[in-house]
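1. Turn this into a structure:
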Amino acid sequence: MAPIRSDLRGEGPQGVIIHILYLHQFFMTRAGIGGTRSYEFARRFVSQGHSVTMVTAAASPAEAGRRTEDGIEVVAVPAGFGDYVRATKLGYGRRAFEFARFAATATRTVLRLSRPDVIYATSPPLTMALPALAASKRFRAPLVFEVRDLWPEAPIQMGALPNPLLQRAARLLERTVYRGSAHVNALSPGMRDGVLAAGVPSERVSMIPNASDLDMFDPALDGSDMRERLGLGEGGFVCSYFGTMGEANDLTQVVDAARLAPEVTFVLHGDGKRRDALIERARGVSNVIFSEPIPDKSSVARLAAASDACMTIYKDVPILATCSPNKLFDTFAAGRPAVVNCDGWMRSLVEDNDAGVFARPGDPADLAARVISLQEDPGRTARMGRNARALAEREFDRDHLAGRMLEVLERVAK
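-> Alright, predicted model coming up:
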């Protein structure tokens, strides 16, 4: 386990120990594949002497109940899905049902817990607002609500919430949780703008994004074992994607781009609803490799080390340009150029810092051309990789960002 540096704290209140009730349906440690922000933040809060109770969904019925993870008291609820990738494989109707089932069970659970000093709830799904608001009212404790995706706008634009009545109900829930929160944190500038547009005063909104894993992802990491396992050889140019293969990640663009860039090997690592369809689409395309989705984040770090560039790809839907994806910040930490296809914040990050390239969304030819431009210019690729790591260390250090969030929680609790 990577050590937590002693400079975690910023200028927040000193010597005040608080009990944080942390609500996140998809809590994940480094032993799994997926976002670990809640785990990484919570263990840093614990290292500062605070107590953290994490309410989450159990990965399986056998794992329901209480346990301790690195000082974090985890209360796993036997409802919903604790695995985000598994949840994305469900149809939209079943997914909504499971979200609601978890929210109901989590609400009953949190009301039986000891009183916290502050409640920290993170979405998606937006239904996390229900146990969060219930706990805030029951214990008269302030709520900090975190927006990781702009729900319900994201599922509406994706076509996952077509019913007008459900859309109005979801927007009402969004406004209700914002009004009931002492503070709202957004993970990107676009999300922050969405929160402000919903009427939340600017002094109650912060923007603390996802962080780079500077310990696990490292430019000096040896990825030779991953190259050998995937049969990549030593000299070929490798462009990888690691993450969910769902509806929001339009990886058909990558498969089609591979046909136009036979000199580049494209590795797709992960699982999700669209994986089987992508494998079928890539049939006969010899330079597309599907890596087995090993449930171990260290394998993702070794894949990044084995790659010359890493991709962050989304479907061409406007709301998705507001995302704050872990894979992008881990690409920076790995010291690899980032290939992004979202205009806005992500494009600005890579272009303004000379840390990668932008390809037009939904345009396989442009994606192929951008990747080939990196393959043909090793010096430029190496320079972008160095810039990416410097950007990660300068702006997305997890200790620093966890410290900023802890300051918010302490201030609100006080």
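2. what's downstream of the least confident helix or strand in the chain by mean pLDDT, the next helix or strand?
-> Between all helices and strands in the chain, the lowest mean by mean pLDDT, DSSP states H and E belongs to helix 84-88, at a mean of 60. Toward the C-terminus, helix 84-88 is succeeded by helix 92-110 as the next helix or strand (DSSP states H and E).
3. got any ranges where the stretch 1-150 of the chain has weak pLDDT?
-> Applying pLDDT under 70 to the stretch 1-150 of the chain flags the ranges 1-15, 33, 80-92.
4. Can you show me the strands along it?
-> 19-23, 51-57, 65-69, 72-77, 118-123, 143-147 (DSSP state E, counting those that start in this stretch).
5. Against which helices or strands is the last one packed?
-> Judged by 3 or more CB pairs under 8 Å, 6 or more residues apart in numbering; DSSP states H and E, strand 143-147 is in contact with strand 118-123, helix 129-139, helix 164-179, strand 183-186, helix 189-197, helix 398-413. From N, CA and C alone the C-beta is placed, and that goes for glycine too.
6. And the third one, what's buried?
-> So the one you mean is helix 164-179. Buried residues in helix 164-179, counted by 16 or more other CB atoms under 10 Å: 170-171, 173-174, 177-178.
7. hmm, who's touching that helix?
-> Contact partners of helix 164-179, identified using CB atoms under 8 Å, 6 or more residues apart in numbering, comprise 126-127, 129-130, 132-133, 143, 145, 151-152, 155-156, 161, 184, 195, 198-200.
8. can you rerun that using 7 Å?
-> By CB atoms under 7 Å, 6 or more residues apart in numbering, the residues outside helix 164-179 that reach it are 126, 129, 132-133, 145, 151-152, 156, 161, 184, 195, 198, 200.
9. In contact with residue 133, which residues?
-> 177, 180.
10. Against residue 163, how distant is it?
-> Distance from residue 133 to residue 163, counting by CB to CB, to the nearest Å: 23 Å.
11. Check residue 16 too.
-> 46 Å.
12. who has more neighbours, the two?
-> More crowded of residue 16 and residue 163, by other CB atoms under 10 Å: residue 16, with 13 against 9.
13. mind checking how far that one is from residue 50?
-> 9 Å.
14. and what of residue 202?
-> 27 Å.
15. Which of the two has more residues huddled nearby?
-> Between residue 202 and residue 50, counted using other CB under 10 Å, the more crowded position is residue 50 (21 against 9).
16. wait, isn't the more buried one in contact with residue 17?
-> Yes. Residue 50 lies in contact with residue 17 (CB atoms under 7 Å); the separation is 5.9 Å.
17. Please report phi then psi for the residue sitting furthest away from the middle of the chain.
-> Distance from the C-alpha centroid of the chain, by CA atoms, centre = their mean, peaks at residue 284 (32.1 Å). Backbone torsions of residue 284, given as degrees, to the nearest 10, read phi 90, psi -10.
18. ok, for residue 115, nearest residue in space, not its chain neighbours?
-> residue 139 (4.6 Å; CB to CB, 6 or more residues apart in numbering).
19. Same check on residue 182?
-> residue 142 (3.8 Å).
20. Pull the residues that contact the helix or strand containing residue 259.
-> Counting by DSSP H and E, the element that carries residue 259 is helix 252-260. The contact list for helix 252-260, computed with CB under 7 Å, 6+ apart, reads 241, 266, 268, 278, 281-282, 285, 287-288, 311, 313, 341, 362, 364-365, 367-368, 371.
21. List buried residues within these.
-> By 16+ other CB under 10 Å, the contacts of helix 252-260 give 241, 266, 268, 278, 281-282, 287-288, 311, 313, 341, 362, 364, 367-368, 371 as buried.
22. need the contact list for residue 241.
-> Per CB under 7 Å, 6+ apart, neighbours of residue 241: 251, 254, 268-269, 311, 313.
23. Specify the local secondary structure of it.
-> strand (DSSP: H, G, I helix; E, B strand; the rest coil).
24. Go ahead and confirm residue 243 touches residue 270.
-> Yes. Residue 243 is within contact range of residue 270, at 5.1 Å (criterion: CB under 7 Å).
25. if you count what's nearby, which of the two comes out ahead?
-> Under the criterion of other CB under 10 Å, the comparison of residue 243 against residue 270 puts residue 243 first, with 26 against 22.
26. got the phi/psi numbers for that one?
-> phi 150, psi -170.
27. Excluding chain neighbours, what is closest to it?
-> Counting by CB to CB, 6+ apart, the residue nearest residue 243 is residue 327, at 4.6 Å.
28. Ok, residue 78 next?
-> That would be residue 64: by CB to CB, 6+ apart, it lies 3.7 Å from residue 78.
29. can I assume that neighbour is in contact with residue 79?
-> No. Counting by CB under 7 Å, residue 79 is not a contact partner of residue 64; they are 8.7 Å apart.
30. Compare the two (neighbour count), which wins?
-> Legend: neighbour count by other CB under 10 Å for residue 64 and residue 79, higher for residue 79 (22 against 17).
31. That one against residue 105, yeah?
-> Yes. The criterion here is CB under 7 Å, and residue 79 meets it with residue 105 at 3.8 Å.
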